[in-house]
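Student: can't give you the sequence, but here's the structure:
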């Protein structure tokens with residue numbers, strides 16, 4: 001690469017940054033998906049804080065109806081619904097399940113059992129390191 005040519009140098013820098021950002025977004029999205037699976041497996045937030053236990057009357061009713069005693073596992077629809085989508089400048093982690101927000105935020109009758117917020121807080125703290133590693137990796141490709 002002829003780095004004496006300012007245009008070629010500028011393009012090389014932009015390409016390197018774009019590649020590094022894409023790698024970082026992919027890694028972050030994959031991390032989030034794996035953390036979501038871990039949360040459902042351990043019935044806890046990404047931080048390790050356990051989700052609040054189910055109300056004993058509700059739990060008894062749920063078991064009598066043949067459902068799992070695990071929190072947020074009645075049909076496993078929510079657990080299976082999370083997706084990741086990485087675009088040029090963003091990563092989207094979400095679910096099309098409309099009732100997910102009630103579990104994330106809680107309601108008057110149901111405690112919050114956050115799934116995405118704790119993961120996003122972790123990623124906010126870690127993204128600089130992820131990006132740094134991704135830029136190093138992009139520079140070697």
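Tutor: In hand now; what should we look at? In this text, all values refer to a predicted model and were calculated from it rather than measured experimentally.
Student: can you give me the helices in the protein?
Tutor: Listed in chain order, the helices of the chain (DSSP state H) span 6-42, 56-64, 77-81, 100-105, 116-140.
Student: which residues touch the third one?
Tutor: Going back to what we said before, that points to helix 77-81. Residues from elsewhere that reach helix 77-81 (C-beta atoms under 8 Å, 6 or more residues apart in numbering): 36-37, 40, 72-73, 95-97, 99-100, 103. The C-beta positions use only the backbone N, C-alpha and C, and glycine is treated the same way.
Student: biggest separation within the residues you listed, which pair?
Tutor: Between any two of the contacts of helix 77-81, the greatest separation by C-beta to C-beta is 19.4 Å, found for 37 and 99.
Student: mind checking the backbone torsions on the residue lying closest to residue 103 once chain neighbours are set aside?
Tutor: Spatially, and ignoring its direct neighbours in sequence, residue 103 is nearest to residue 113 (5.0 Å; C-beta to C-beta, 6 or more residues apart in numbering). Recorded main-chain torsions at residue 113 are phi -130, psi 80, according to degrees, to the nearest 10.
Student: residues contacting residue 113?
Tutor: 51-52, 71-72, 103-104, 106.
Student: how about those in JSON lines, adding distance to residue 90, pLDDT and neighbour count?
Tutor: Written out in JSON lines, the entries for these read as follows (distance: C-beta to C-beta, whole Å; pLDDT from 0 to 100; neighbours: other C-beta atoms under 10 Å):
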{"residue": "51", "distance to residue 90": "28", "pLDDT": "95", "neighbour count": "20"}
{"residue": "52", "distance to residue 90": "32", "pLDDT": "93", "neighbour count": "13"}
{"residue": "71", "distance to residue 90": "30", "pLDDT": "91", "neighbour count": "17"}
{"residue": "72", "distance to residue 90": "27", "pLDDT": "90", "neighbour count": "18"}
{"residue": "103", "distance to residue 90": "24", "pLDDT": "95", "neighbour count": "20"}
{"residue": "104", "distance to residue 90": "20", "pLDDT": "96", "neighbour count": "14"}
{"residue": "106", "distance to residue 90": "27", "pLDDT": "95", "neighbour count": "14"}
